[in-house]
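J.: I'll drop the sequence and a predicted model, then ask my questions.
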Amino acid sequence: MSTNGKYVSLYDLRVKMVQKALQDHSTLDDKSSFDLAVHVLDALDHIPEKSR
């Protein structure tokens, strides 16, 4: 059994989702929106579960 698909991690999918939301609602370019998406997810991941 062979697969031709490329593995994409759940984290990468989350970054792409946040990046798209940032680009849809701003004038950020790909690099800036990607960098900001990484920072946003890092901040969200460090919020304690009780606070979410």
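T.: Yes, it's here.

J.: Let me see the ranges of the helices in this structure.
T.: 10-24, 30-45 (DSSP state H).

J.: Output the ones you listed in TSV, with mean neighbour count and distance to residue 51 appended to each entry.
T.: Glycine gets a C-beta too; all of them are placed from N, C-alpha and C. Formatted as TSV, the helices of the chain follow (neighbours: other C-beta atoms under 10 Å; distance: least, C-beta to C-beta, whole Å):
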stretch	mean neighbour count	distance to residue 51
helix 10-24	14	19
helix 30-45	13	11
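
J.: could I get those as a markdown table with distance to residue 4 and mean pLDDT?
T.: Rendered in a markdown table, the data for the helices of the chain read as follows (distance: least, C-beta to C-beta, whole Å; pLDDT from 0 to 100):
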| stretch | distance to residue 4 | mean pLDDT |
| --- | --- | --- |
| helix 10-24 | 18 | 97 |
| helix 30-45 | 26 | 96 |
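
J.: Could I get the contacting residues of the residue nearest the centre of the chain?
T.: Nearest to the mean C-alpha position of the chain, by C-alpha atoms, centre = their mean, lies residue 15 at 1.1 Å. The contact partners of residue 15, by C-beta atoms under 8 Å, 6 or more residues apart in numbering, come to 34, 37, 38, 41.

J.: Check residue 6 too.
T.: Neighbour list for residue 6: empty [criterion: C-beta under 8 Å, 6+ apart].

J.: Please apply the same query to residue 34.
T.: 15, 19.

J.: For residue 28, see how far away it is.
T.: 9 Å (C-beta to C-beta, to the nearest Å).

J.: what do you get for residue 45?
T.: 21 Å.

J.: Could you do residue 49 as well?
T.: 30 Å.

J.: Then residue 5?
T.: For residue 5, the distance to residue 28 equals 29 Å [C-beta to C-beta].

J.: Give me the more crowded residue out of the two.
T.: A side-by-side neighbour count of residue 5 and residue 28, using other C-beta atoms under 10 Å, places residue 28 first with 16 against 5.

J.: ok now do the spatially closest residue to the more buried one that is not a sequence neighbour, which residues does it touch?
T.: In this structure, residue 28 finds its nearest non-sequential neighbour in residue 22, 5.7 Å apart by C-beta to C-beta, 6 or more residues apart in numbering. Residue 22 makes contact with 28, 33, 36, 37, 40 under the criterion C-beta under 8 Å, 6+ apart.
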